[in-house]
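Engineer: Sequence plus the predicted model coming up.
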Amino acid sequence: MIKVFNFLIIMLFFCTQVNAEKPDQQWDRAFNKGKFVLPGTDEIRQVGKAYQDELQGRAEEELWNAIAMQRIEQKDTVYLRENPDNQKGRGVFAIKHGVHLKPWLLQAPHAKFDRYTGRLVEKIFSEGEYQAAMWNSVPRKTQVENSVLDRTADMAHLSGTYWQAVTEGFARIYADGKIIQFHGFDQSKRKSEAGRTSDMIISAGHQYPPIWIQKLAQCLKKTLSLNVSLYPRDVRELGATTNIQGQLLKSRGFNGFLHLEMSKPLRQQLLQSRKLRQLLVNCIR
């Protein structure tokens, strides 16, 4: 009897600790350097259903448990992450519940490799009334273990992942929403003068940026003391034309995909300045 009581106390302490973690700790803890395993078709279908149900306030914890994902409630936010003993690089996903939320999904596919982008997504998500956010949870150069092809776990370029299922699920529920993907680039490695001198490169993932992204470019150029370039008008590289989420959303006719490439100095400035982060999101309409 004493042993059972002690066990319950330990479990209660563990659950309290998990639920008390800050947003950055949620995805930090979930990040691992172990392995990446592509999920099967049935699992992809299940995560897509579970995620869409979650967005609509119909939480089904048993669906997450069945695929070894933890569902952690913290104030107004639900975090979905892998069980510690079953990490396969599937990612970390956060959903807010409440009224007056903007139907935005913030994405950090290279949360640690593109330095500061994971932290930026966490800060922007925490500071504003945005519906959802997501982070990768394994280094992008990790080899895919169960693939006959030589592929790596780059969430922006790999199909058949939780990332794709969640992206598609969000676009289904919020057809007029926005999916905003944060990336970082090295100015010294750019091929063109326009690329080397850009602080930020924005695109829709294809050659024809919609009006709202054109207006976003104009707003950022006017508001920020930075060199903001719109692909393909101002710069001809880093246009995300091979981005797998961008391709999926384009095929679905989803018009709200935004790909943000930022120089390292700009990422540092954004991380340090809440005012600058607010100026950025204020331009996104």
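Structural biologist: Received the coordinates, thanks.
Engineer: From now on I want contacts and neighbour counts done on CA atoms only, so please keep to that.
Structural biologist: Noted.
Engineer: beta partners for the most centrally placed residue in the chain?
Structural biologist: Of all residues in the chain, the one closest to the mean position by C-alpha atoms, centre = their mean is Gln107, 2.0 Å from it. Counting by DSSP bridges, Gln107 is bridged to Met134, Gln181.
Engineer: thinking it is in contact with Tyr130, fair?
Structural biologist: No - using C-alpha atoms under 8 Å, Gln107 is not in contact with Tyr130, being 11.9 Å away.
Engineer: Now the common contact residues for these two.
Structural biologist: By C-alpha atoms under 8 Å, 6 or more residues apart in numbering, Gln107 and Tyr130 have no common neighbours.
Engineer: low pLDDT regions in the stretch 1-150 of the chain?
Structural biologist: Counting by pLDDT under 70, the ranges of the stretch 1-150 of the chain that qualify are 1-24, 27.
Engineer: all strands of it, in order?
Structural biologist: For the stretch 1-150 of the chain, the strands defined by DSSP state E, counting those that start in this stretch occupy 69-74, 77-82, 92-96, 102-108, 130-135.
Engineer: TSV for the ones you listed, including distance to Thr241?
Structural biologist: Converted to TSV, the strands of the stretch 1-150 of the chain look like this (distance: least, C-alpha to C-alpha, whole Å):
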stretch	distance to Thr241
strand 69-74	31
strand 77-82	29
strand 92-96	24
strand 102-108	17
strand 130-135	21
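Engineer: among those, which is nearest Asn243?
Structural biologist: For the strands of the stretch 1-150 of the chain, proximity to Asn243 was assessed by C-alpha to C-alpha; strand 102-108 is nearest, at 12.6 Å.
Engineer: okay, now the residue nearest to Arg285 when sequence neighbours are not counted: neighbour count?
Structural biologist: Spatial nearest neighbour of Arg285, excluding adjacent residues (C-alpha to C-alpha, 6 or more residues apart in numbering): Trp212 at 7.0 Å. Applying other C-alpha atoms under 10 Å, we find 15 residues neighbouring Trp212.
Engineer: Please apply the same query to Arg151.
Structural biologist: Using other C-alpha under 10 Å, Arg151 has 15 neighbouring residues.
Engineer: how near is it to Val37?
Structural biologist: Separation of Arg151 from Val37 (C-alpha to C-alpha, to the nearest Å): 11 Å.
Engineer: Give the residues shared as contacts by the two.
Structural biologist: Residues touching both Arg151 and Val37 (C-alpha under 8 Å, 6+ apart) are Val144.
Engineer: Show me the one of the strands of the stretch 1-150 of the chain that comes nearest Glu168.
Structural biologist: Closest of the strands of the stretch 1-150 of the chain to Glu168 is strand 102-108, at 11.1 Å (criterion: C-alpha to C-alpha).
Engineer: quick one: buried residues of the closest one?
Structural biologist: Neighbour counts over strand 102-108 (16 or more other C-alpha atoms under 10 Å) mark Pro103, Trp104, Leu105, Leu106, Gln107, Ala108 as buried.
Engineer: can you give me the helices in the stretch 1-150 of the chain?
Structural biologist: Under the criterion DSSP state H, counting those that start in this stretch, the stretch 1-150 of the chain contains helices at 2-20, 23-30, 41-55, 61-66, 117-127.
Engineer: quick one, the last one and strand 92-96 angle?
Structural biologist: If you take axes from the mean of the first three to the mean of the last three C-alpha atoms, to 10 degrees, helix 117-127 sits at 20 degrees to strand 92-96.
Engineer: orientation of helix 117-127 relative to strand 77-82 in degrees?
Structural biologist: 150 degrees.
Engineer: which strands and helices sit next to helix 117-127?
Structural biologist: Secondary-structure packing of helix 117-127 (3 or more C-alpha pairs under 8 Å, 6 or more residues apart in numbering; DSSP states H and E): helix 23-30, strand 102-108, strand 130-135, strand 178-185, helix 264-272.
Engineer: Which stretch among those is buried most, on average?
Structural biologist: Most buried of these, by mean neighbour count (mean count of other C-alpha atoms under 10 Å): strand 130-135, with a mean of 24.
Engineer: Quick one: name whatever helix or strand follows it.
Structural biologist: Downstream of strand 130-135, the first helix or strand assigned by DSSP states H and E is helix 162-173.
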